[in-house]
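A.B. asks: need a 3D model of the sequence below.
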Amino acid sequence: VAMTVRHSGGGSTAAASSGADISGGGGGKGKLSFKSAVMVVQATKELKRKSSLAKKMDKCRDARGRSHDIAELRARRHAAVNKGMAWLSKFLQKDKCSALYSVGDDAPSVFFEIWYTSANSQIRNSAKGIAKKLLSKYEKKLVGGEWGGGGVDQFFECMFVLRCKHEMEMDTADLIAKADQLWKGNGLRDTNLLFGVHGVEGLANVSVNDWLLLLMRIMCMEFIKLILRNRYPMQWGLREALLALRKVPLQPPPIDDNDEEAREEFHHAFYLATHIVYAIGAYSSIKTTESDVPWLYKYCKNCLKFWVKRARRKAKAGGHEGEGKDIYVDVDGIAECCDVVRGLGLTEATDPWLCEASIWLCDHQRKNGSWPVWFAEDPDGSNAGVYDKLHPSWVATQCLRDRDFEVGYTRPGNALWKVFMAKLLKDTNFATIEYKISYKKGTAGMGNSPGTASPEGASGENAEDEGDK
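C.D. replies: The predicted structure follows:
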């Protein structure tokens, strides 16, 4: 605008190129023609529009419509991730790594997964250093002597650690030698024995609770099969598992706090749902797509809303230190939902429920970097074991990090898994399920389940309406 209004003898480049009629000479201020004046006004309006748009892009809104500064929230999340990693590392290595050896392969995998697809280079480098250190410590125990029992469980410990070390380009010779020994010694070429299931038909009898570990083991074996070129062959695997899971009803969030049976079923179904997502994405290693499995992401998003609404109720009742103590909120559940949603490539700017949940997690991180351990029957987590003390901080730390899936695709396993999974989802028709979920009734089952009407005074935290605030 300034260049158009103030020009020297030859006129401004912008005006000249537009063909504007500018009168006046010398070095003074010339007069604009009507056409040029219109151009100035339009340019001014466009600058104001872009400036306003830029300010809006700096903000994000939570599910209540409250505005938050994106840069400030990102800084909070990054700080929370760094504090979380520091606490986790210290917790796992204290008392001569007793927690590390108690938790097993999951412990170093926490940092491996953070390194795998984190967008922030400082976080990636920190996670990489901790992951390598813990992997080396744990491997020494895992491959030395008969520590670990020498059975199928130890074989799977080797498999999960092997995946991490292979993708991080660490030496895997000793680990593979130990895995080969366990594979042969336990007759694990028999896939039924490997997974502890009586054939493919036996998958129909697996409980919702037992599916979680089974599914993760199947996923890991398929991943190892890709990167080690079928070193440990299977007669059946993830294809058969996904076909079976299409028939396993997932209990939605209960509509009645007093329905203990529904609460228990929901607990197991919820964690199976998030781990089906983890199986598809190889623990958030590749970007997943909502349209590939719409029913699954609808379930997870409804669960996120359910937990966030309970968190609101808890805060309104005075929080955990007040009367809200009896209102159970699953810290781990909120974190895993955030992880699932962020795995779709969504951010606080594009998903208001993710925005609100991320802020809640940042608000509830303790000064030492950990997150609280809450259970419905044990509000303060006083009876929590090592794994339960670790898990809330583990998943909260992971879910708050920004993702860069292009970085992850530079790893050979991720690139192979992306192609493998895209084909598998189509082959199994996993975009559909063979039962119905009613979020308003709080039921799931084959056919038209009658369900139960919402009782008077129910919170409605599992409302199906996507626009519900």
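
A.B. asks: helices or strands next to the top helix by length along the chain in the packing?
C.D. replies: In the chain, taking DSSP state H as the definition, the longest helix is helix 70-103. Contacts defined by 3 or more C-beta pairs under 8 Å, 6 or more residues apart in numbering; DSSP states H and E place helix 70-103 against strand 59-61, helix 106-117, helix 121-143, helix 352-363, helix 386-399. Every C-beta, even on glycine, is put in place using the N, C-alpha and C of the backbone.

A.B. asks: any idea which of the ones you listed is most buried?
C.D. replies: helix 106-117 (a mean of 25; mean count of other C-beta atoms under 10 Å).

A.B. asks: check which helices and strands that one sits against.
C.D. replies: Under the contact definition 3+ C-beta pairs under 8 Å, 6+ apart, helix 106-117 sits against helix 70-103, helix 121-143, helix 152-167, helix 386-399, helix 405-408.

A.B. asks: what do you get if the cut-off is 10 Å, keeping everything else the same?
C.D. replies: With contacts taken as 3 or more C-beta pairs under 10 Å, 6 or more residues apart in numbering; DSSP states H and E, helix 106-117 sits against helix 70-103, helix 121-143, helix 152-167, helix 386-399, helix 405-408, helix 412-427.

A.B. asks: which stretch among the ones you listed comes nearest residue 57?
C.D. replies: Across those, residue 57 has its closest neighbour in helix 70-103 (7.9 Å, C-beta to C-beta).

A.B. asks: lowest average pLDDT across the helices and strands packed on helix 106-117?
C.D. replies: Across the helices and strands packed on helix 106-117, helix 405-408 has the smallest mean pLDDT, namely a mean of 85.

A.B. asks: how about that helix: buried residues?
C.D. replies: 405, 407-408 (16 or more other C-beta atoms under 10 Å).

A.B. asks: same deal with stretch 318-325?
C.D. replies: 320, 324.

A.B. asks: ok, stretch 207-214 next?
C.D. replies: Buried, per 16+ other C-beta under 10 Å, within stretch 207-214: 208, 211-212, 214.

A.B. asks: per-residue pLDDT, the residue lying closest to residue 358 once chain neighbours are set aside?
C.D. replies: Leaving aside its chain neighbours, residue 358 sits nearest to residue 348 (5.8 Å; criterion: C-beta to C-beta, 6 or more residues apart in numbering). At residue 348, the predicted lDDT confidence score is 96.

A.B. asks: so residue 348 sits against residue 356, correct?
C.D. replies: Yes: counting by C-beta atoms under 10 Å, residue 356 is a contact partner of residue 348 at 8.8 Å.

A.B. asks: who touches both of the two?
C.D. replies: Both residue 348 and residue 356 are contacted by 60-62, 68, under the criterion C-beta atoms under 10 Å, 6 or more residues apart in numbering.

A.B. asks: which of those lies closest to residue 265?
C.D. replies: Taking C-beta to C-beta as the measure, residue 265 lies nearest residue 62 of the shared contacts of residue 348 and residue 356, at 29.7 Å.

A.B. asks: sorry, back to before: quick one, what contacts the residue nearest to residue 358?
C.D. replies: 59-62, 68, 70, 73-74, 77, 338, 342, 354-359.

A.B. asks: make it 7 Å
C.D. replies: Shown in contact with residue 348 (C-beta atoms under 7 Å, 6 or more residues apart in numbering): 60, 70, 73, 354-355, 358.

A.B. asks: taking these together, which two end up most distant?
C.D. replies: Maximum pairwise distance in these, criterion C-beta to C-beta, is 12.4 Å, between 70 and 354.

A.B. asks: residue 314: what secondary structure?
C.D. replies: Under DSSP: H, G, I helix; E, B strand; the rest coil, residue 314 falls in the helix class.

A.B. asks: how many other residues sit next to it?
C.D. replies: Residues lying near residue 314 (other C-beta atoms under 10 Å) number 21.

A.B. asks: give me the distance between it and residue 157.
C.D. replies: Residue 314 is 37 Å from residue 157, where distance means C-beta to C-beta, to the nearest Å.

A.B. asks: how much space separates residue 270 from residue 340?
C.D. replies: 11 Å.

A.B. asks: okay, these two: which has more neighbours?
C.D. replies: Taking neighbours as other C-beta under 10 Å, residue 270 and residue 340 compare with residue 340 leading, 28 against 25.

A.B. asks: what ranges in the stretch 351-469 of the chain fall below the confidence cut-off?
C.D. replies: 447-469 (pLDDT under 70).

A.B. asks: mind putting the helices and strands packed on helix 106-117 in TSV, distance to residue 175 included?
C.D. replies: Below are these laid out as TSV (distance: least, C-beta to C-beta, whole Å):
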stretch	distance to residue 175
helix 70-103	16
helix 121-143	6
helix 152-167	5
helix 386-399	23
helix 405-408	22
helix 412-427	15
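
A.B. asks: any idea which of those gets closest to residue 243?
C.D. replies: Closest approach to residue 243 among those (C-beta to C-beta): helix 412-427, 9.2 Å.

A.B. asks: so how far is the helix or strand just after the closest one from its chain's centroid?
C.D. replies: Sequence order places strand 436-438 as the next helix or strand after helix 412-427, per DSSP states H and E. Centroid separation for strand 436-438 versus its chain: 24 Å, with C-alpha atoms, centre = their mean, to the nearest Å.

A.B. asks: could I get the contacting residues of the residue most central in space within the chain?
C.D. replies: Residue closest to the mean C-alpha point of the chain, counted by C-alpha atoms, centre = their mean, is residue 339 at 1.7 Å. Taking C-beta under 7 Å, 6+ apart, we find residue 339 in contact with 284, 395, 398-399.

A.B. asks: and the furthest pair within those residues?
C.D. replies: Across those, the longest distance by C-beta to C-beta is 10.7 Å; it joins 284 and 395.

A.B. asks: which strand or helix spans residue 444?
C.D. replies: Element membership for residue 444, per DSSP H and E: strand 443-445.

A.B. asks: ok, the spatially closest residue to residue 290 that is not a sequence neighbour to residue 332 distance?
C.D. replies: Here the nearest residue to residue 290 in space, its sequence neighbours aside, is residue 297; by C-beta to C-beta, 6+ apart that works out to 4.5 Å. The gap separating residue 297 from residue 332 is 19 Å, by C-beta to C-beta.
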